[in-house]
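Peer 1: quick one, what's the 3D model for this:
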Amino acid sequence: MSVHRPFRRLLIVPTLTSALVLAACSSAPPPKPFPPAPPPPVATPMAREAQAIMSSASASLVSGKLTLTPIAGGVRIAGTIGGLPASGRFGFHVHETGDCSAVDASSAGGHFNPTHQLHGSAKIGAHHAGDMDNIVADVEGVAHIETQLGGVLLGGGGATDIVGRALVVHADPDDYATQPAGKSGPRVACGVIKVIR
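Peer 2: Residues are numbered from 1 along each chain as shown. A predicted model of the protein is given here:
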């Protein structure tokens, strides 16, 4: 009888160990499923034409209508803005936020500047993507605008897309040097860039 007892214990010990391992496995939480992959980005189509209806800001009488169309290397902006002081020069920029709701158009934010450059002339050296030449009013206070803004897109949803941003006219000319906005004074007109086709 004494010969078989150790043998029986050896058989019992592995059986108990196996039971404990199985019990531990059955009480472990099930593995968490992998989170679903994010959907691929939706490409926004390029616009054929956009428009900005310029409404007065800062108690001015300035208003107008501008049409934007894509061109090679940028966007063409054309139209008229009236109610300006006769024969004056005025800052004109794309601003980062398409919101003209504040009475002074401050809701449009700062200049559109996706590449984090210093403010300057669009013709020379570093500048904001939204920097443009001053507009000039005639003797009747109307500015006839025909300009090109390089390095931006009209639609597409990329970093340089200006759809949904704002065009802003300022009370004073841009000096192209003072940071961050060229010392161009109050915002006298603002319009959101909206795709029309």
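
Peer 1: residue 197 reaches residue 48, doesn't it?
Peer 2: Yes: here residue 197 lies in contact with residue 48, judged by CB atoms under 8 Å, at a distance of 5.1 Å. C-beta here means a position set from N, CA and C on the backbone, and glycine is covered the same way.

Peer 1: out of those two, which sits in the busier spot?
Peer 2: Ranked by neighbour count (other CB atoms under 10 Å), residue 197 and residue 48 place residue 48 first, with 12 against 7.

Peer 1: confirm that that one sits in a helix.
Peer 2: No: according to DSSP: H, G, I helix; E, B strand; the rest coil, residue 48 belongs to no helix; its state is coil.

Peer 1: buried sites along stretch 141-160?
Peer 2: 141, 143, 145, 148, 149, 152, 153, 154, 155 (16 or more other CB atoms under 10 Å).

Peer 1: so for that stretch, mean pLDDT?
Peer 2: For stretch 141-160, mean pLDDT rounds to 93.

Peer 1: that stretch: how far from the chain's middle?
Peer 2: When distances are taken as CA atoms, centre = their mean, to the nearest Å, stretch 141-160 is centred 14 Å away from the chain's centroid.

Peer 1: can you give me the end-to-end distance of that stretch?
Peer 2: Start-to-end span of stretch 141-160 (CA to CA, to the nearest Å) is 32 Å.
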